[in-house]
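Trainee: Provided below are the primary sequence and the corresponding predicted coordinates.
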Amino acid sequence: MELLSNAPAHATVPDRYVFPPEKRVAMQLDHNLACKIKANIHGGRALLSDNGQRRSQVASEIIAAGKEFGFFQVVNHGMGDDAVQAFRAAAAAFFALPAEEKLPYCSYDMSKRFRLATSTSYDGGETRYWRDYIKFSCYPASDYNVRSWPSKPVEFAPRLVEYCEAVQELARTLLGLVAEGLGLDSDFFAGEHSSGDTNMSINYYPPCPDPTVTMGLPAHCDRYLLTLLSQADVAGLQARYGGRWLLVCPVPGAFVVNFGHQMEIITNGLLACVEHRAITNSSAARMSVATHVQPTEGCLIMPAPELVDEATHPAKYREFLFSEFLEAYDAADASREDALGPFKTNHD
């Protein structure tokens, strides 16, 4: 497998990474509009025990940002910067390992518990995306999950455990706030809705000599319930908004949060799963760490009864097991409509 991270600095873009003009990213962005997506939600562990006006206000802000953008950024979240930076450094050290030490993890087999690959499974063997990545189950730190993690760098596993425990706590807080903002019980998303193995995708985008002809990731929606992303200080994430693409501007110390397909279905379309993609840049390597919270495979997914009114807001989706959705998503090849289509009712 030919990894971008194995090569020295690239002087030119190899032909296999060059997209035809009609598929290239438009680089002209309205900066003022792009930065509107910085909907910062001030949280922190205090919100866990705060049942008053402040918690209600934060819940309302999350719902408002989710309805408008499908994305928001969390600051003052109570997660120590040391834990974030320590794991990011360990992940960067993994990509910097010699090629022969990474080789045992290289695989396009999506059944592998820990796999390192390049581009994406959606490239169809055609033009490649400017990206290396690792995917694996990161939480809980069970023996089954841990034994698939890499032994080098030695700090990878302990830093991962610390990071994931903190992110999982943050996810629980956010899901409670989302539920309350929708008028549901605060523990609505606890249990099967969010207790499947948490997956992690770590994406590495090296500097690209010509970002105008490449892409980092195609437009897609997440199959999960909730995604929390650490993108540090290098921009590259774009979200679809009002028929155009907006750059999600990095905010120091923030986590970018977006809703997955399961959230859209459970909220009966109130909180949409928004398409997003990654672009490249020529000046700096970018690494994003995405943590995906998901249901158990046997979880029954359906619109929350409290958010359905047969007269004014009928159910847009039928009941199904999460395992059924996973099969449909894999067959949809990153298409939002093809993934959701089999589960829609005639009320949409």
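Mentor: Happy to help now that I have it.

Trainee: how about the helices of the stretch 201-348 of the chain, start to end?
Mentor: Secondary structure of the stretch 201-348 of the chain (DSSP state H, counting those that start in this stretch): helices at 261-266, 322-332, 336-340.

Trainee: which of these sits most buried?
Mentor: Highest mean neighbour count of the helices of the stretch 201-348 of the chain: helix 261-266, a mean of 25 (counted as mean count of other Cβ atoms under 10 Å). For glycine as for every other residue, the C-beta is placed from the backbone atoms N, C-alpha and C.

Trainee: Just give me how far that one sits from the chain centre.
Mentor: Helix 261-266 sits 14 Å away from the centroid of its parent chain (Cα atoms, centre = their mean, to the nearest Å).

Trainee: quick one: the residue nearest the centre of the chain from Phe259, how far?
Mentor: Nearest to the mean C-alpha position of the chain, counting by Cα atoms, centre = their mean, stands Thr227 at 4.1 Å. According to Cβ to Cβ, to the nearest Å, Thr227 and Phe259 sit 8 Å apart.

Trainee: before we move on, back to that, report the beta-bridge partners for the residue nearest to the centre of the chain.
Mentor: Asn258, His292 (DSSP bridges).

Trainee: Quick check: it touching Asn258?
Mentor: Yes - look at Thr227 against Asn258 with Cβ atoms under 8 Å: they come within range, at 5.2 Å.

Trainee: And the strands in the stretch 51-200 of the chain, which stretches?
Mentor: 71-75, 114-118, 132-139, 198-205 (DSSP state E, counting those that start in this stretch).

Trainee: Export those as CSV, with columns for mean neighbour count, distance to Gly52 and mean pLDDT.
Mentor: Shown next, in CSV, are the strands of the stretch 51-200 of the chain (neighbours: other Cβ atoms under 10 Å; distance: least, Cβ to Cβ, whole Å; pLDDT from 0 to 100):
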stretch, mean neighbour count, distance to Gly52, mean pLDDT
strand 71-75, 22, 20, 89
strand 114-118, 20, 43, 97
strand 132-139, 22, 31, 97
strand 198-205, 22, 30, 98
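
Trainee: contacting residues for the closest residue to Val167 other than its chain neighbours?
Mentor: In space, and not counting its chain neighbours, Val167 is closest to Thr291: 4.9 Å by Cβ to Cβ, 6 or more residues apart in numbering. Residues near Thr291 by Cβ atoms under 8 Å, 6 or more residues apart in numbering: Cys138, Cys164, Val167, Ala171, Thr198, Asn199, Met200, Thr227, Leu228, Leu229.

Trainee: shouldn't the last one be in contact with Gly236?
Mentor: No - between Leu229 and Gly236 there is no contact under Cβ under 8 Å: 10.9 Å.

Trainee: intersection of neighbour lists for those two?
Mentor: Ser288.

Trainee: Tell me, what's the model's pLDDT at the closest residue to His313 other than its chain neighbours?
Mentor: In space, and not counting its chain neighbours, His313 is closest to Asn268: 6.5 Å by Cβ to Cβ, 6+ apart. For Asn268, the pLDDT comes out at 97.

Trainee: Around Asn268, how many other residues sit close by?
Mentor: Each residue near Asn268 was counted by other Cβ atoms under 10 Å, and the total is 23.

Trainee: so it touches Leu307, yeah?
Mentor: Yes - using Cβ under 8 Å, Asn268 makes contact with Leu307 at a distance of 4.6 Å.

Trainee: residue ranges with poor pLDDT in this protein?
Mentor: Along the chain, segments meeting pLDDT under 70 span 26-51, 347-348.

Trainee: rerun at 80
Mentor: Within the chain, the segments meeting pLDDT under 80 span 26-52, 122-125, 334, 346-348.

Trainee: Contact partners for Val308?
Mentor: Asn268, Pro314, Ala315.

Trainee: any chance of those residues in JSON lines, with distance to Tyr329 too?
Mentor: Output for the contacts of Val308, formatted as JSON lines (distance: Cβ to Cβ, whole Å):
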{"residue": "Asn268", "distance to Tyr329": "19"}
{"residue": "Pro314", "distance to Tyr329": "24"}
{"residue": "Ala315", "distance to Tyr329": "20"}
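
Trainee: tell me which residues in stretch 124-134 are buried?
Mentor: For stretch 124-134, the neighbour count (16 or more other Cβ atoms under 10 Å) marks Thr127, Arg128, Tyr129, Trp130, Arg131, Asp132, Tyr133, Ile134 as buried.

Trainee: now do the same end-to-end measure for that stretch.
Mentor: 19 Å (Cα to Cα, to the nearest Å).

Trainee: outside of that stretch, which residues touch it?
Mentor: In contact with stretch 124-134 (Cβ under 8 Å, 6+ apart) are residues 3-5, 16-20, 23, 91, 94-95, 105, 114-120, 123, 200-206, 208, 214-218, 278, 280, 333.

Trainee: what touches both of Asn268 and Leu307?
Mentor: With Cβ under 8 Å, 6+ apart as the test, Asn268 and Leu307 both reach His313.

Trainee: ok, the residue nearest to Pro150 when sequence neighbours are not counted - contacts?
Mentor: Once flanking residues are discounted, Pro150 sits nearest to Phe156: 5.7 Å by Cβ to Cβ, 6+ apart. Contacts for Phe156 (Cβ under 8 Å, 6+ apart) come out as Ala90, Ala91, Ala93, Phe94, Trp149, Pro150.
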